[in-house]
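Participant: Sequence and predicted model, in that order:
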Amino acid sequence: MNASVVQEVAELNGLIDEVDDPRECYAAVRDCIRRHREAGEEIPEDLKRLERVMLTECLSASQGR
């Protein structure tokens, strides 16, 4: 994994730690993935994994868990 992806994931993890709303974090992860797609790059596995985690968090929050 290249340094820019490591930096992106670290920044997203920092955002997740700071923000209480999982929807905002999920949107940030999706935006990062969108930028990779638009650049024609392959989506890093760490970003895919983070997207799944945030989606689960959003679903749990919407169900009051």
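Facilitator: Thanks, I have the structure now.

Participant: got a pLDDT number for the spatially most central residue of the chain?
Facilitator: The C-alpha lying nearest the average C-alpha coordinate of the chain belongs to V29 (Cα atoms, centre = their mean; 2.7 Å). Note on V29: pLDDT of 96.

Participant: What is the subsequent helix or strand relative to the helix or strand that contains it?
Facilitator: For V29, the element it lies in under DSSP states H and E is helix 22-38. Once the chain leaves helix 22-38, the next helix or strand it forms, by DSSP H and E, is helix 45-62.

Participant: got the angle for that next one vs helix 22-38?
Facilitator: Orientation check (axes from the mean of the first three to the mean of the last three Cα atoms, to 10 degrees): helix 45-62 against helix 22-38 gives 150 degrees.

Participant: All further residue positions should be reported with the first residue as 14.
Facilitator: In the new numbering, first residue 14, that becomes helix 58-75.

Participant: re the thing from before, run the chain-centre distance for the helix holding V42.
Facilitator: The chain centre lies 6 Å from the centre of helix 35-51; the measure is Cα atoms, centre = their mean, to the nearest Å.

Participant: in that helix, what's buried?
Facilitator: 35, 38-39, 41-42, 45-46 (16 or more other Cβ atoms under 10 Å). Every C-beta, even on glycine, is put in place using the N, C-alpha and C of the backbone.
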